[in-house]
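>>> sequence first, predicted model second:
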Amino acid sequence: MDYPFRNSRIKLSQGILFWREIGEGTSLVFLHGAWNDSSQWVSVMEMLSRDFHCFAPDLFGFGESEFPNVHYSIDLQIECLAQFLHAVKQQRVYLIGDSLGGWIAASYALKYPEQINGLVLLAPEGVEIEGQKQRLQRMQRILKRPPLVFQLLRLLRPITKIFGLNEQIEQDWHFHQVMQQYPTASELLFERKHPEIKAELVDDQLSFITVPVLILQGGKDSSEAIAMSRAYAQYIPQAQLKTIAHGGNDLPQSCAGVVAGDIRDFIKR
């Protein structure tokens, strides 16, 4: 039997939250990545809908959910997720999170362990790795760089090419545009002060996660993402790390079939 998607909205304390829902059975809740919304999970959810009841909310400040004028934090997203799960009468679920969603999922499992059956984390953010502070500062510089500077640098391609800077300039310009498109993600990951971000990192708490955990990591992703996945696998006692060799930084879209199969096998097992 093929199930149709159901799109819904609900009023929570911070505003209107939008979510996608499909299927029936064991409940899975999908949390999208930093530079996405819940639509990134559509293909994966369709593949799993015959066996599972799938929910995918747009986090507050993303997609079709409201953008409340508040100071965003991981804890804010956790509490909004708790309100959502209570509203849709989900007492125990599997959380599946990509990137930023993985950070929120792990943090939720630490705060509300009685509500979690297991975790699937795809290239999760939220742990300290070597060079993390420098990475944060670099992203802040890219975000704050005026578009005119990028335009001038791109006009100077014949000169920048001599110094081997063209590829880096194009990458920075692309990422600047993405960050402008997703201001809430930029705030959560880069715009807040380092001590505040550091206080919400989960490095020293991951050993307290006792539910089964599967970590999926693209083999062609950035070195930083690979390092964070390895850190999660190292710190969580029951974690299994699987590398999808041909995958990049968009596993739910580019490797939907593999991801859906891994989630199904993990839960069935």
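Received, thanks. The structure displayed is predicted, hence computed values, not measured ones.

>>> only C-alpha atoms for contact and neighbour calcs from this point on.
Will do.

>>> quick one, helices of the protein?
42-48, 74-87, 100-111, 132-144, 147-155, 157-162, 166-181, 183-186, 194-199, 223-235, 251-254, 256-268 (DSSP state H).

>>> can you check which of those helices gets nearest to Phe18?
helix 74-87 (9.9 Å; CA to CA).

>>> picking that back up, right, so the helices of the chain: which one is the most enclosed?
Among the helices of the chain, ranked by average contacts under mean count of other CA atoms under 10 Å, first place goes to helix 100-111 (a mean of 24).

>>> by how many degrees do that helix and helix 223-235 diverge?
20 degrees (axes from the mean of the first three to the mean of the last three CA atoms, to 10 degrees).

>>> how distant is helix 100-111 from the center of its chain?
Here the centre of mass of C-alpha atoms in helix 100-111, compared against the chain's by CA atoms, centre = their mean, to the nearest Å, lies 10 Å away.

>>> tell me the average confidence for that helix?
Averaging pLDDT along helix 100-111 gives 98.

>>> what helices or strands is it leaning on?
strand 26-31, helix 74-87, strand 93-98, strand 116-122 (3 or more CA pairs under 8 Å, 6 or more residues apart in numbering; DSSP states H and E).

>>> would you reformat the helices of the chain as CSV and include distance to Val211?
Formatted as CSV, these follow (distance: least, CA to CA, whole Å):
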stretch, distance to Val211
helix 42-48, 21
helix 74-87, 18
helix 100-111, 9
helix 132-144, 28
helix 147-155, 46
helix 157-162, 50
helix 166-181, 33
helix 183-186, 27
helix 194-199, 23
helix 223-235, 13
helix 251-254, 22
helix 256-268, 12
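
>>> who's in contact with Leu241?
214-217, 229-230, 233 (CA atoms under 8 Å, 6 or more residues apart in numbering).

>>> which residues of this protein score low on pLDDT?
1, 150, 153-154, 156, 160, 163, 165 (pLDDT under 70).

>>> any idea how it splits into domains?
With domains defined by automatic domain parsing, the chain comprises 6-128+202-268, 132-187.

>>> going by distance to Leu136, which of the contacts of Leu241 wins?
Looking across the contacts of Leu241 and measuring by CA to CA, the closest to Leu136 is Ser229, at 17.7 Å.

>>> which strand residues bridge the nearest residue to Glu64 once chain neighbours are set aside?
Leaving aside its chain neighbours, Glu64 sits nearest to Phe18 (5.8 Å; criterion: CA to CA, 6 or more residues apart in numbering). For Phe18, the beta-bridge partners are Arg9 (DSSP bridges).

>>> cool, thanks, talk later.
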